[in-house]
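Sequence plus the predicted model coming up.
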Amino acid sequence: MVTNEVYKNEYDVIIIGGGATGAGTARDCALRGLKVLLVERNDYSTGATGRNHGLMHSGARYAVTDGESASECISENMILRRIARHCVEETDGLFITLPEDDLGYQRTFVDACQRAGIRADVIDPDEARLIEPAVNPDLIGAVRIPDASIDPFRLTVANLLDARLHGAETLNYHEVEGMIVNQNRVEGVKLLNKRNGEHVEVRGRVVVNACGIWGQRIAAMAGVNISMFPARGALLIFGHRVNNMVINRCRKPANADILVPDDTVCVIGTTSDRIPIETVDDMRVTREEVDVLLKEGVKIAPSLATTRIIRAYAGVRPLVASDDDPSGRSISRGIVCLDHAQRDGLEGFITITGGKMMTYRLMGEIATNAVCAKLGNTAPCVTATQPLPGSEEGAPDQRDMTKRYSFGQRAAIGRHGSLAARIEKDNDIDNALVCECEGVTVGEIKYAVHQLHVHNLVNLRRRTRVGMGTCQGKLCSCRAASLMGEFSHDVKGAQEDLAAFLDERWKGMRPVAWGDTLREAQLTAAIYEGLCGLDMAVDRTGKEDVQ
Amino acid sequence: MADNMQKCNISENNFEQCTKCSICTTVCPVAAVTTDYPGPKQAGPDGERYRLKDPAYYDKMLKLCLNCKRCEVACPSGVHIADIIQHARMTAGEGKRASLRDTMLANTDLLGTVANLVAPVANATLGLKPTKMVMHSVMAIDKHRTFPAYSRTKFETWYKRHAAQDQEAYPHHVSYFHGCYVNYNFPKLGQDLVKLMNAMGYGVHLLGKEQCCGVALIANGLYKQAKRQARVNAASIRQAVNMDHRTVLTTSSSCTFNLRDEYPSMLGVDTGDVRNDIMLATRFIYRLVDEEKVKLVFKQDYKRRIAYHTACHMQRMGWQLYSIEMLRMIPGLELVVLDQECCGISGTYGFKKENYERSQAIGSTLFKSIEQAQVDAVATDCETCKWQIEMSTSRPVENPISILADALDVEATRRANGL
């Protein structure tokens, strides 16, 4: 891509934020014929999009406390099953009542689900034990609901791909440094290209702030005040799946009450803690958080007590204070779309925030409606019916046992749906595995690097699952770095990238570094530091981590 | 952290303990000769995570695994890699019928019973070129293979006629799990054992009821039948150990490994309570001599140069040392210990047409080193290794027990042990 060309253009809409919401908004705008630029300061899906459960809520979790969110969830849930099939695994879910819980809540829960239009079948605890053997066998009640598992990285990339197919430009590693404001009108953004240090200005008729928790800062740059209430949640990833259905606790939402099977792993979460806005960039997981997650997690699935934990991570929910109550006592978990012309008298600026990854499409639709209203565009929204790239009608299925796919091909179909056809697989080299834990081939790496905006190994991980397995990059990161070096002809750069990637992997392992995870990390250190001398080849001291 | 939490990671066959060091793949004899097989790490712990996600991720190439267990021996983390692979094959193969060929190869005892009755005819016919061509093309049993010759008299028949009545007179007693090979193909090995044990003052007794250990049934996917036979054998072994207080001796490394380790891990037939009482005769004899409980007296003029080949399952048990040290007790026997390499046959694996070339490629370095060793014979504790090495080299192969029996001065040994 020739970025200089991009900077010179004037856009109908500039979307700030490359999470699911930004990507969904970009797709919707592009499908309605607008000229779109999306900018993201890091990689796509680095914020809350890539830092949640990977749970495709049925809405049941919100049914009792927030009927509106529950209805939105179930409606989006059904839409995503159609349009994002390759990102979704239709696992179904259970809401279990344990002896310490009030079984009476189950009736309240089921009634609320029915009001929200969520199918909720009360099943016998014996049946629950049969269909999900990992569940705590002491359960006294179970309700089956249409929860599912979803991969937010894939989902975001698929939205961006479709946006680009329809003419949108997308730039990662471009940070907004300021807004161009002229007489109560936002006319564009000032950008820092973090890859080369260049400062540029880009103009757009409307600017959409889709930055999640970081939206408060962006709004402030335009002189507008939004009060965000950051709610931090920590999660643990286990080395393999113990469960094949989502398992929730049937009680008022609390800490660590959802266990989700995500791809080859399972994830327990979350905690929920209000944190000061200044600390939203600090994603370190504390010992206390790990303890709470484990203590509660084993109540859902006792085998978690003896299952290896490969990583811990945290994300920040972008909760917004209602405008009529800036104190934050009344906080909405629903979608908030602010037209700053009406709210603050500032033209050309829209903030879309609140909501959930689950409702990203609806948020995109609402934001695009607001943009279109300003621009006089009357095209209808089609994102609820048009499948994302990879999920078209007749796309291959990773579970199709009649096809003789190799392990790597099957895994790639699971990740890219019909787009896996673009992955080269005609020779032994392209079929060779780079990441053995997750079945990523040389061909898939090539595809990701050349077509999915990959600049470094962390980007590559989000697009392909390289380094997401139990060895956390021990074997694959070196191979992947070698390929990246080949493509870029920059060996030194590839070495530095490798060191940064391994650092990033260690960060997530550190809070759970005991037992086999610690052994794993020690072997990694022995290989890369002891054997390869990577720490001597690359100077990492004082380097800011932009991962 | 809460008590008793995260103290250890317990997963089926310890697959979570894998740190992806890949040592297993470097020792895998199959991965060394073909890229079709993903290697033990990928087929085992890596693949298992995906199979837990969805059984569709079962890779048909897992059938190339020899189940030699060399990966498990090499693993520094105690992962039961080969068991994971066998379990995956078992799960994926459930409900499917084994082919006629596999059923025939797997039922070593059934085939043996029939062949014994017509041994001369069977041996001649199975060796004929037209028969081999039919088996090659119709049954996919490779034409290069010759079935081991069948004996006219079963070991059990010989034992009842010529040995049974004398055994009670000895001061000590053992039981003997002879296995199919001794019974149908090579009763001499069983006779050698009886001769040896008797000379040391031990009476040898057959089990109440012995069936084929089932190692070939497991390898060919006939798990239900294997399980039935395992239960019969486990009961007989228990009877011998608990009621008669006899150690159960064996002369086949694969039968031994199967009885001790594969019964619980593959078939869910627990033999843990009697596991320590099932052992190869070489180990039993070495320990008796080492603890000075018996004395062996050897022939004066004995002189042979022997190479010892460690069978894969022998290596898994770590018992090759007993056979090697037992052979080293024989004066006049010059022993060459070969590098531990797979011969490639892996029971019935190498008999299958589709595996023949791979099987020979796996064994090629072993065959070369045997030819270079300039020995009179090769010693090994596994009968299928014997077939493979005899087919692929110019040297004869003998069980260490037969070599010991051959070198022993029986009368002098009897006297030395007060008989």
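Looks like it arrived, so ask away. The structure presented is a predicted model; accordingly, all values stated were derived computationally and were not measured. Residues are numbered from 1 along each chain as shown, chains lettered A, B, ... in the order given.

quick one, phi psi at the residue most central in space within chain B?
Centroid-nearest residue in chain B, with C-alpha atoms, centre = their mean: B:Ser254, separated by 1.7 Å. Per-residue torsions, B:Ser254: phi -70, psi -40 (degrees, to the nearest 10).

if I look at it, how far off is B:Lys60?
Using C-beta to C-beta, to the nearest Å, B:Ser254 is found at 25 Å from B:Lys60. (Each C-beta comes from the backbone N, C-alpha and C, glycine too.)

A:Lys356 now?
41 Å.

Which one of the two is surrounded by more residues?
Taking other C-beta atoms under 10 Å in any protein chain shown, A:Lys356 and B:Lys60 do not tie; A:Lys356 has more neighbours (25 against 10).

By mean pLDDT, point me to the weakest helix or strand of the chain.
All of this is about chain A. Within chain A, no helix or strand scores below strand A:331-332, which has a mean of 64 by mean pLDDT, DSSP states H and E.

Let me rephrase: I mean chain B.
Per-SSE averages on chain B (mean pLDDT, DSSP H and E): minimum helix B:108-117, a mean of 79.

Name the residues that touch it?
In this structure, residues lying in contact with helix B:108-117 by C-beta atoms under 8 Å, 6 or more residues apart in numbering or on different chains are B:104, B:122-123, B:150-154, B:180-181, B:183-185, B:211-212, B:216.

for the residues you listed, which one is nearest A:Gly188?
Relative to A:Gly188, the closest of those is B:Ala216; by C-beta to C-beta it sits at 75.9 Å.

counting contacts, what elements does whichever strand or helix holds B:Leu335 pack onto?
B:Leu335 is located in strand B:333-337, with elements delineated by DSSP states H and E. On a contact count with 3 or more C-beta pairs under 8 Å, 6 or more residues apart in numbering or on different chains; DSSP states H and E, strand B:333-337 meets strand B:304-308, helix B:320-328.

near chain A, which residues of chain B show up?
B:1-2, B:4-11, B:15-22, B:35, B:38, B:41-42, B:45-50, B:52-54, B:56-57, B:59-60, B:77 (C-beta under 8 Å from any C-beta of the partner chain).

Quickly list what whichever residue of the stretch 51-200 of chain A sits closest to chain B is bridged to.
Ranked by C-beta to the nearest C-beta, the top residue of the stretch 51-200 of chain A for proximity to chain B is A:Glu89, at 8.5 Å. Here A:Glu89 sits in beta bridges with A:Ser149, as judged by DSSP bridges.

ok, now which ones touch it?
Counting by C-beta under 8 Å, 6+ apart, the residues that A:Glu89 touches are A:Ala148, A:Ser149, A:Ile150, A:Pro261, A:Asp263.

Mind telling me what element the nearest residue to B:His313 once chain neighbours are set aside is part of?
Sequence neighbours aside, B:Phe257 is the residue nearest to B:His313 in space, at 4.0 Å (criterion: C-beta to C-beta, 6 or more residues apart in numbering or on different chains). In the assignment (DSSP H and E), B:Phe257 maps to helix B:253-257.

same thing with A:Tyr105?
Short version: A:Tyr105 belongs to helix A:104-116, going by DSSP H and E.

correct me, but A:Trp214 touches A:Val280?
Yes: the pair A:Trp214 / A:Val280 is scored as a contact, 7.0 Å apart, by C-beta atoms under 8 Å.

Which one's more surrounded, these two?
Neighbours per residue, other C-beta under 10 Å: of A:Trp214 and A:Val280, the larger number sits with A:Trp214, 25 against 21.

quick one, what contacts that one?
Contacts for A:Trp214 (C-beta under 8 Å, 6+ apart) come out as A:Gly17, A:Gly47, A:Val280.

Narrow those residues to those in strands?
Residues of the contacts of A:Trp214 located in strands (DSSP state E): none.

Strands along the stretch 251-400 of chain B, start to end?
Along the stretch 251-400 of chain B, the segments classed as strands by DSSP state E, counting those that start in this stretch run B:278-280, B:304-308, B:333-337, B:377-379, B:397-398.

what's the fourth one packed up against?
On a contact count with 3+ C-beta pairs under 8 Å, 6+ apart, strand B:377-379 meets strand B:304-308, strand B:397-398, helix B:400-407.

Domain-wise, how is chain A divided?
Following automatic domain parsing, chain A resolves into domains at A:3-48+A:153-227+A:328-375, A:89-148+A:229-314, A:407-537.
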